[in-house]
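Colleague: generate coordinates for the sequence data below:
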Amino acid sequence: MGHTIEEIARALGAEARGDLSVEVDGVAEPQDAGPRDLALAMKPDYAEGLAKGAALAAVLWEGADFESFGLRAAIIPPRPRYALSGLSQTFDPGESFGAGIHPSAVIDPAAELSEDVSVGPLAVIGPGARIGAGTRIGPQAFIGACATLGEGCFLREGVKIGARAMLGKGVIVQPGAVIGGDGFSFVTPETSAVERTRATLGDQGEAEEQSWERIHSLGSVEIGDGCEIGANAAIDRGTVRNTRIGARTKLDNLVHIGHNVVIGEDCLICGQVGMAGSTVIGNNCVFAGQVGINDNIFVGDNVIAGGATKIFTNVPKGRVLLGYPAMKMESHVESYKAIRRLPRLMRQVAELQKAVFKSGGSD
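Modeller: From the prediction side, this is the model:
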């Protein structure tokens, strides 16, 4: 079903111009847009694409003259990029998992499902699990014993939720994510070479052959309201206390969160980030792709770490980091500038050496 420009603008709280009765069925990039598409030309850089496409309406930037682009209507949101949130929600067709409980789903009689819960094909829900109203569980998902899912959660295909894990309201989990696997905790009967090396930061001493014994994970995982967990992410259960992720925090694909980690609210954690056990992360932190964080350290609120940064020590709030090892971003950039200058500097030093030696030999 189509939506008029007037309806979309009202939903976005945006200004609408031109023929507000124009209907669109979806969104598209300007050069690909057809007559029933709403073209997304949110910056002047995209204006050229409007001439290549066939859109009748577009989302434009403030001050744009929509008629000069041959459009019949336009939407001018206060913050165009933010408008994508509402637009994408309006036109998202969903996964078409269907309503109700599929006949092939296996649900333990001791599980509790609230109203309007949908369960996809071959999904398994264990004993004592409690599923909140309106939650959708995709095909081949697994919900462990005594796990709790709040209202309005959405679990995609193949998601695994371990025993006793707790998900708040509106949590979205992408395909293949595992929440509540055992932590990576092992110990040797005697002090290991790793422990000695960590204490001395030097030679490990005389090596001894020892076997590793597992430390069982007695805790579980708590996920706050409104969180999103990316595809194939892994969140380990705690050793004794729970691993915790604060409300509205977003994890990208292939993120690994170790046992006992505590993450604050409204954090953004990009692909392939790894956090070792017992790390504590503040609120509103942003970690770009492949950031690595050492175990048993604290990272304060509002910290930003650029791609591939490796954090080994505590970080105060508000710090912006980059590099391996992590340092202030401006210091890291200056260091790399200096590295680029090294070849020229070495040539200058060599020339000065020649000049000095030549001058000394002539006396």
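Colleague: show me the helices in the stretch 1-150 of the chain, by range?
Modeller: Applying DSSP state H, counting those that start in this stretch to the stretch 1-150 of the chain gives helices spanning 5-12, 47-52, 80-91.
Colleague: likewise for the stretch 151-300 of the chain?
Modeller: Assignment of helices within the stretch 151-300 of the chain using DSSP H, counting those that start in this stretch yields the ranges 193-200.
Colleague: poorly predicted segments of it, please.
Modeller: For the stretch 151-300 of the chain, the stretches flagged by pLDDT under 70 are 205, 207.
Colleague: same deal with the stretch 1-150 of the chain?
Modeller: 1.
Colleague: okay, the helices of the stretch 1-150 of the chain, which one's buried deepest?
Modeller: Highest mean neighbour count of these: helix 5-12, a mean of 19 (counted as mean count of other Cβ atoms under 10 Å). All C-beta atoms are positioned from the backbone trio N, CA, C, and that covers glycine.
Colleague: so which elements touch the longest helix along the chain?
Modeller: Using DSSP state H to define each element, the chain has its longest helix at helix 329-361. Identification of packing neighbours for helix 329-361 by 3 or more Cβ pairs under 8 Å, 6 or more residues apart in numbering; DSSP states H and E yields strand 320-322.
Colleague: remind me what the strand it packs on packs against, helices and strands.
Modeller: Applying 3+ Cβ pairs under 8 Å, 6+ apart, one finds that strand 320-322 contacts strand 304-305, strand 327-328, helix 329-361.
Colleague: just say which of those is most tucked in.
Modeller: When the helices and strands packed on strand 320-322 are scored by mean count of other Cβ under 10 Å, the highest mean neighbour count falls to strand 304-305 (a mean of 22).
Colleague: what's next to whichever helix or strand comes after it, contact-wise?
Modeller: Next helix or strand after strand 304-305 toward the C-terminus (DSSP states H and E): strand 310-311. If you take Cβ atoms under 8 Å, 6 or more residues apart in numbering as the criterion, strand 310-311 is touched by Val291, Gly292, Ile293, Asn294, Ile297, Val299, Ala305, Leu321, Gly323, Tyr324, Pro325, Ala326.
Colleague: closest one to Ser68 out of those residues, please.
Modeller: When the contacts of strand 310-311 are ranked by distance to Ser68 (Cβ to Cβ), Ala305 comes first, at 43.4 Å.
Colleague: I'd guessed that closest one sits against Gly292; true?
Modeller: No. With contacts counted by Cβ atoms under 8 Å, Ala305 stays clear of Gly292, the gap being 9.4 Å.
Colleague: what about the residue nearest to Gln210 when sequence neighbours are not counted, neighbour count?
Modeller: Counting by Cβ to Cβ, 6 or more residues apart in numbering, Thr188 is the residue found nearest to Gln210 once chain neighbours are left out, at 4.1 Å. Thr188 has 15 neighbouring residues, counting by other Cβ atoms under 10 Å.
Colleague: can you check Ala57 too?
Modeller: Using other Cβ under 10 Å, Ala57 has 28 other residues around it.
Colleague: for it, list the residues it contacts.
Modeller: Ala57 sits next to Ile5, Gly18, Val22, Val24, Leu38, Ala39, Leu71, Arg72, Ala73, Ala74, Ile75 when contact means Cβ under 8 Å, 6+ apart.
Colleague: swap in Gly158?
Modeller: Counting by Cβ under 8 Å, 6+ apart, Gly158 touches Gly138, Pro139, Gln140, Ala141, Pro175, Gly176.
Colleague: again with Val124
Modeller: Ala105, Val106, Ile107, Ala141, Phe142, Ile143.
Colleague: great, nothing more from me.
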